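**Student:** Test case, fold it:
(one chain, ligands or ions: 1)
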Amino acid sequence: MWFLGDKMNCSKCNEKAVICLQHGNLCKQHFLNYFEEKVFKTIKKYQLIDRKDKICIAASGGKDSLTVLYLVKKYLQKNRFNCDLFALIIDEGIEGYREHTVKDLESFCKKNEIELKQVSSKKEFGYTLDEAYPIVTKETKKKPCNICGVWRRYLINKYARKNGATKLVTGHNLDDEAQAVIMNLFKANTKLAAHLGPMSGVQEHPLFVRRIKPLYLCTEKETRLYVILKGFEVKFTECPYAQEGYRAQIRDMLNDFEQKYKGTKQGIINSFLDLLPLLKEKENETGEISICEKCQEPANQTVCNACKISEVITNG
Ligand code: SF4
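**Tutor:** Numbers count the residues shown, from 1 in each chain. Take a look at the predicted model:
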């Protein structure tokens with residue numbers, strides 16, 4: 001897929017094309033229709049939303065979360081689903097970055113009449129990410145993204161559940177998922193891979209809110225173009241820690257491959273979706289969810305990863 005200059009017309013009408021996809025060129029209006037239809041079809045095909053659900057959207061203020069907020073609300077209205085919907089943002093405490101995305105999200109939610117709840121890592125754990133990571137990295141060599149990921153998953157699940165949500169929507173797109181598949185493959189982590197897919201998780205559990213990914217089949221570039229064409233106010237700023245993680249290297253590698261061999265990322269997702277039922281079956285037979293003995297939140301072991309990080313900070 002690539003963006004066009006002013007040379008080509010839409011394959012469906014005579015308007016100027018804004019994008020070239022494998023199945024043809026699309027003008028602005030036909031691209032917007034195509035993108036929205038793809039998201040709505042994903043929701044239907046994987047039965048991501050039920051009319052009885054209470055929906056929490058894990059938002060960051062970035063392009064993916066604004067898109068998913070807007071389109072889930074549109075899907076509910078289009079299908080006359082009377083579901084409650086709210087957005088939840090975790091402020092990890094990343095100076096020079098998170099305060100800007102929070103502002104963008106606040107104005108977007110106000111404009112679109114979506115309730116917004118905020119939770120801060122500082123209030124919950126006593127430290128911002130900026131304060132915690134030098135201590136944790138010194139003791140464990142963990143990167144900021146490892147800490148951030150553990151905190152975010154913990155807080156999003158906890159506060160979605162506390163607010164009565166039955167589904168937790170995330171803005172993960174096809175690129176994010178392809179990166180996660182390859183990361184788990186490279187690290188031989190089939191257990192974590194089994195938790196991927198358009199609807200995450202393997203088993204129902206009263207302490208876990210099931211995560212759904214309506215943008216699962218939308219690429220990063222498509223989402224970016226959608227945001228630009230819709231005129232959503234988003235700054236496309238990058239987190240200062242984004243280049244430090246393992247994921248950033250996988251992302252660059254996949255982008256490089258995609259440029260040389262079109263369809264690489266879609267190929268990863270198609271193969272993964274074929275394998276996913278087998279992975280889930282295997283994990284269902286062996287995996288057990290425990291309760292953390294310190295905070296009583298769900299955990300893989302006796303103490304959850306968030307409490308382990310807190311222990312390192314206290315002893316560091
Ligand atoms: Fe957190 Fe890393 Fe994402 Fe920054 S790039 S928000 S530290 S996961």
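**Student:** where does the residue in the stretch 201-316 of the chain positioned nearest to the ligand land on pLDDT?
**Tutor:** The ligand sits closest to C239 of the stretch 201-316 of the chain, with a gap of 3.1 Å, by Cβ to the nearest ligand atom. Just so you know, the C-beta spots here come from the backbone N, C-alpha and C atoms, and that holds for glycine as well. We have a pLDDT of 88 for C239.
**Student:** cool, G96 as well?
**Tutor:** What the model reports for G96 is a pLDDT of 89.
**Student:** The ligand contacts on the chain?
**Tutor:** 144-145, 148-149, 239, 241-242, 245 (Cβ under 6 Å from any ligand atom).
**Student:** buried set for the longest strand anywhere in the chain?
**Tutor:** Scanning the chain for the longest strand, with DSSP state E as the assignment, gives strand 84-91. Buried positions in strand 84-91, judged by neighbour count with 16 or more other Cβ atoms under 10 Å: 85-91.
**Student:** ok, the residue of the stretch 201-316 of the chain closest to the ligand - contacts?
**Tutor:** Residues near C239 by Cβ atoms under 8 Å, 6 or more residues apart in numbering: 94, 97.
**Student:** mind running it again at 6 Å?
**Tutor:** Contacts for C239 (Cβ atoms under 6 Å, 6 or more residues apart in numbering) come out as Y97.
**Student:** A helix includes it, no?
**Tutor:** No: per DSSP: H, G, I helix; E, B strand; the rest coil, C239 lies outside any helix segment and is coil.
**Student:** Give me the distance between it and Y70.
**Tutor:** Per Cβ to Cβ, to the nearest Å, C239 is found 22 Å from Y70.
**Student:** same thing with D274?
**Tutor:** Where Y70 is concerned, D274 sits at a distance of 31 Å (Cβ to Cβ).
**Student:** Please identify which of the two sits among more neighbours.
**Tutor:** Y70 (21 against 9; other Cβ atoms under 10 Å).
**Student:** tell me the phi and psi of the more buried one?
**Tutor:** The phi/psi pair for Y70 (degrees, to the nearest 10) reads phi -60, psi -40.
**Student:** The residue nearest to A193 when sequence neighbours are not counted: which element?
**Tutor:** Of all residues not flanking A193 in the chain, N184 sits nearest, at 4.1 Å (Cβ to Cβ, 6 or more residues apart in numbering). If you go by DSSP states H and E, N184 is part of helix 174-186.
**Student:** Give me the contact list for whatever helix or strand comes next after that helix.
**Tutor:** Sequence order places helix 190-193 as the next helix or strand after helix 174-186, per DSSP H and E. Contact with helix 190-193 is made by 184, 279, as judged by Cβ under 6 Å, 6+ apart.
**Student:** From N157, how far out is Y216?
**Tutor:** From Y216 to N157 the distance is 19 Å (Cβ to Cβ).
**Student:** More neighbours: the two, which one.
**Tutor:** Just comparing Y216 and N157: by other Cβ under 10 Å the higher neighbour count belongs to Y216, 25 against 20.
**Student:** Hmm, the more buried one is touching M199, no?
**Tutor:** No: using Cβ atoms under 6 Å, Y216 is not in contact with M199; the gap is 9.2 Å.
**Student:** For burial, what's the neighbour tally of C27?
**Tutor:** C27: 21 surrounding residues under other Cβ under 10 Å.
**Student:** How about the contacts made by it?
**Tutor:** Contacts for C27 (Cβ under 6 Å, 6+ apart) come out as 10, 15, 17.
**Student:** Show only the entries of these found in strands.
**Tutor:** Under the assignment DSSP E, the contacts of C27 contribute A17 to strands.
**Student:** Now tabulate the contacts of C27 in CSV and tack on pLDDT and distance to H23.
**Tutor:** Below are the contacts of C27 laid out as CSV (pLDDT from 0 to 100; distance: Cβ to Cβ, whole Å):
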residue, pLDDT, distance to H23
C10, 93, 12
E15, 92, 17
A17, 95, 13
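**Student:** Of the contacts of C27, just say which sits nearest to the ligand.
**Tutor:** Closest approach between the contacts of C27 and the ligand, by Cβ to the nearest ligand atom: A17, at 33.3 Å.
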